[in-house]
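> sharing a sequence plus its predicted fold:
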Amino acid sequence: MPHLNLQLSGTPDADLSRRAAALIADITVDVLGKPRELIATAVHYVDRAHWFIDGRSLEDWGRNAFHLDISITDETNTKGEKARYLEQVHAQLSALIGNVHETSYIYVIDARAAAYGYGGLTQERRYQLAQSAKT
């Protein structure tokens, strides 16, 4: 865990995708303490003419924007950690893509452990297996 979906305004750019994915992975490891080997990131681009804020396109605003959804297992991070995560991601992504509209969102999705997982196992099941291995 976790899974990250990042939308960036503009046209697809492989170098920017790699840099943005690395940046948010680093912050996810450093601030939320997630294992790097379990971070999966998808980067999508939305043309600025098709991204609207307050009824005006980013093209009209002459600005860029991003939207990040990150799914993590509920109860694995504190409010303070999540607040620091939002602050750092916003600052660093804004610096990376430049000229960012303030209305760029980050959503930390606290997914229930019994409803979220990878490799065919829920996080709850992984927790149960780890607990039974201790006894």
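Everything's here; your move. Numbers count the residues shown, from 1 in each chain.
> ok, residue 36 touching residue 30?
No: look at residue 36 against residue 30 with C-beta atoms under 8 Å: they stay out of range, at 10.1 Å. From N, CA and C alone the C-beta is placed, and that goes for glycine too.
> so for the two, which sits in the more crowded spot?
A direct count of neighbours by other C-beta atoms under 10 Å for residue 36 and residue 30 places residue 30 higher, at 12 against 9.
> just the residues contacting the host helix or strand of that one, thanks.
Secondary structure from DSSP states H and E places residue 30 in helix 14-32. Defining contact as C-beta atoms under 8 Å, 6 or more residues apart in numbering, one finds that helix 14-32 is touched by 2, 4, 6, 8, 10, 34-36, 39, 41, 43, 68, 70, 72, 76-77, 81-82, 84-85, 88-89, 92-93, 96-97.
> swap in stretch 86-105?
8-10, 16, 19-20, 23-24, 27, 31, 53-54, 58, 61-68, 106, 108.
> what do you get if the cut-off is 10 Å, keeping everything else the same?
4, 6-10, 13, 16, 19-20, 23-24, 26-28, 30-31, 51, 53-54, 56, 58, 61-70, 106-108 (C-beta atoms under 10 Å, 6 or more residues apart in numbering).
> out of those residues, which end up buried?
4, 6-10, 16, 20, 23-24, 27-28, 31, 51, 58, 61, 63-70, 106, 108 (16 or more other C-beta atoms under 10 Å).
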